[in-house]
Each structure stands twice: as structure tokens, then as C-alpha cells.
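# the following block contains a protein sequence and its predicted model.
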Amino acid sequence: MASGLDVDMMLYWEEYGPRDSGSSSAGALSPAAAPSTVGFPAGPPAYDKRLLLINGANGKIPFFGHAIQHFVRLGYTVLVHEARGVGRSSAVGPPARQSIRLLAADTQAVANGVWGAHSRFHLLGASLGGMVAQELVYRLVRGGDK
């Protein structure tokens, strides 16, 4: 395990961008590895047009379908992932061992893996995703990102 995250687990993510940019991608990454060279051959979009959406408990990517469409029409690049053990993401160990901190660490690993470490973005969480978003903001500020 690196950084307390499960090496054998994969988190599934999808990214949507404005139609004129042709930007749309999907993938899976290990939160322990969190590569910083995924997607964007021309570099990541400006942070003021990036949005990370965090689902509630057991929420799959289609839950945010209308929000994704709305923000893409406004010119945002939207990143959303499925939490460990939900949808196409794998789980290691029993679900009872999950915590807000662990889910926030997973979300940070996805953002770092897709947009690069220390990337800047807007954040929106629904239900449990709202609590995960709060923990993620705490982690980012504590780590020096603002």
C-alpha cells in the first residue's frame, strides 16, 4: 500500500468536456499509483472551467447526467468517478471499512491522476459526496493547495 491506499483497487472515472473541444475520456486508475500523465495531450483546462463532481453513497456516474450536461454546455470540463465498490470501480475489503477520509483520498487520487497533482478545480458533492468534498477541501488546504 502506498499512502494508505489499496494497490489492487481500481477507480473508474469519466471526464466530459465542451463539445467544441472534442474532450471526453474515461479510464480506471489505482489510487495508490495516481499517475499524473493521463488525458489532455494539450495540457489540462484552466481551473476556472474544471469541475469535480462527487456522488453520494452508491451513486454511479449517470446520477449526475443532467448536471454533467449542464456544466459542459457552460464550457466546463467535468470529472466524475465511481467510489470504491460502486459501479465499475473495484473494492478491496468489506465496505464497512470505508470512511469519509478514505473516500476523500480516493477522490484526490482521481483528480491528481487525471488533472495532475496540485491542480485547481471547482468541487461539488451530493449527499455523502458533500461530506467527502468537505474532507477533500480540508486535505487540500492542509497539503498547501488552495
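Great, that's in hand. Numbering: from 1, shown residues only.

# switch to C-alpha atoms for all contacts and neighbour counts from now on
Noted.

# CA-only coordinates of stretch 125-140 in PDB, if you can.
Below are the C-alpha coordinates for stretch 125-140, written out as PDB (Å, rounded to 0.1, in the frame of the first residue of the first chain):
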ATOM      1  CA  GLY A 125     -20.700  16.800  -3.900                       C
ATOM      2  CA  ALA A 126     -24.200  15.500  -3.400                       C
ATOM      3  CA  SER A 127     -25.300  13.900  -0.100                       C
ATOM      4  CA  LEU A 128     -22.400  11.700   1.200                       C
ATOM      5  CA  GLY A 129     -20.400  13.300  -1.600                       C
ATOM      6  CA  GLY A 130     -20.800  16.600   0.100                       C
ATOM      7  CA  MET A 131     -19.100  15.300   3.200                       C
ATOM      8  CA  VAL A 132     -16.400  13.800   1.100                       C
ATOM      9  CA  ALA A 133     -16.000  17.200  -0.600                       C
ATOM     10  CA  GLN A 134     -15.500  18.900   2.800                       C
ATOM     11  CA  GLU A 135     -12.900  16.400   3.800                       C
ATOM     12  CA  LEU A 136     -11.200  16.800   0.400                       C
ATOM     13  CA  VAL A 137     -11.000  20.600   0.800                       C
ATOM     14  CA  TYR A 138      -9.500  20.000   4.300                       C
ATOM     15  CA  ARG A 139      -6.900  17.600   2.800                       C
ATOM     16  CA  LEU A 140      -6.000  20.000   0.000                       C
END
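
# how about residue 71: what's its closest non-neighbour residue?
residue 78 (7.3 Å; C-alpha to C-alpha, 6 or more residues apart in numbering).

# give the contact list for residue 81.
Applying C-alpha atoms under 8 Å, 6 or more residues apart in numbering, we find residue 81 in contact with 11, 12, 13, 14, 53, 54, 55, 60, 61, 107, 110.

# for it, what are phi and psi?
Phi and psi for residue 81, reported as degrees, to the nearest 10, are phi -130, psi 170.
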